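sequence first, then the predicted structure, then my questions.
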Amino acid sequence: MTRTRCFGTGDELYEAYHDEEWGRPFGDSPDERELFERLCLEGFQAGLSWLTVLRKREAFREVFEGFEPAVVARFEDDDVERLMGDPRIIRNRAKILAAVGNARALLAMHSDGERLGDLIAQHAPPPRERPPANADEVPGSTAETEALSRELKKKGFRFVGPTTLYALMQASGLVDDHVEGCWLAEA
């Protein structure tokens, strides 16, 4: 069966991501580890194509110890150097340091009785009444993601700009941006 997609058609990995993952809600209580992974990967994607990240995702999961925040928070300089030398991932020192710092910031939130999933959900834009007609109707960010970006930065997070956070909301199902004509917009 031929399916019309918002994106990804022509690449098996990208098609599977669109069809089975992107825009799928985590549920009422998102898993913090999974949300942390997505936040990190969205940060690594900044300035690159998402397909580049998808092709490297399994290696990222391996070298970042399954994105377990408590483990990543303990990474030190030698771990950063190890990651910088691994050609299977995106080797950007600032992004690697941000992932480590974000794990520490997440653990600090947990110590304060806060959850990243709750904070992100509080900043989700209102649901759309209809699917966007085309990609031009899909914003890159919103007032809500700008506010969330400021809040996360106050908590010590990095690489959490409004565009990155909007992409995280799209990927996590807090925003449904499947465009008209996409088989999932009509599902």
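Now that the structure is in, tell me what you want to look at.

all helices of this protein, in order?
Applying DSSP state H to the chain gives helices spanning 12-20, 32-45, 50-63, 69-72, 77-84, 93-111, 116-122, 143-154, 162-171.

any buried residues in the longest one, and which?
Neighbour-count burial for helix 93-111, counted by 16 or more other Cβ atoms under 10 Å, picks out 95-107, 109. For glycine as for every other residue, the C-beta is placed from the backbone atoms N, C-alpha and C.

which residues are in contact with that helix?
Contacts to helix 93-111, defined as Cβ atoms under 8 Å, 6 or more residues apart in numbering, come from residues 32, 36, 39-40, 43-44, 46, 64, 69-73, 75, 79-80, 83-84, 115-116, 119, 152, 155-160.

same thing but at 7 Å, please
With contact meaning Cβ atoms under 7 Å, 6 or more residues apart in numbering, helix 93-111 is reached by 36, 39-40, 43-44, 64, 69-70, 72-73, 75, 80, 83-84, 116, 155-159.

only whichever of these are buried, select them in ChimeraX.
Of the contacts of helix 93-111, the buried ones can be selected in ChimeraX as follows, counting by 16+ other Cβ under 10 Å:
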select :36,39,40,43,44,64,69,72,73,75,83,116,155,157,158,159
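
look up how far Arg88 lies from Ala70.
Using Cβ to Cβ, to the nearest Å, one obtains 23 Å as the distance from Ala70 to Arg88.

next: Gly181.
36 Å.

what does Val100 give?
To Arg88, Val100 is 18 Å away according to Cβ to Cβ.

angles on the backbone of Trp183, please.
Note on Trp183: backbone dihedrals following degrees, to the nearest 10 are phi -60, psi -30.

that one against Thr4, yeah?
Yes: when contacts are counted by Cβ atoms under 7 Å, Trp183 is listed as touching Thr4 (5.9 Å).

low-confidence ranges, the chain, go.
1-2, 27-30, 186-187 (pLDDT under 70).

can you verify my assumption that Leu13 contacts Val53?
No: Leu13 lies out of contact with Val53 (Cβ under 7 Å); the separation is 10.8 Å.

mind listing what Phe60 touches?
Phe60 neighbours (Cβ under 7 Å, 6+ apart): 41, 89.

mind putting the helices of the chain in CSV, distance to Glu137 included?
Below are those laid out as CSV (distance: least, Cβ to Cβ, whole Å):
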stretch, distance to Glu137
helix 12-20, 18
helix 32-45, 21
helix 50-63, 19
helix 69-72, 35
helix 77-84, 38
helix 93-111, 30
helix 116-122, 23
helix 143-154, 16
helix 162-171, 13
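
between those, which one is closest to Ala133.
Comparing the helices of the chain by their distance to Ala133 (Cβ to Cβ), the top pick is helix 162-171, with 16.7 Å.
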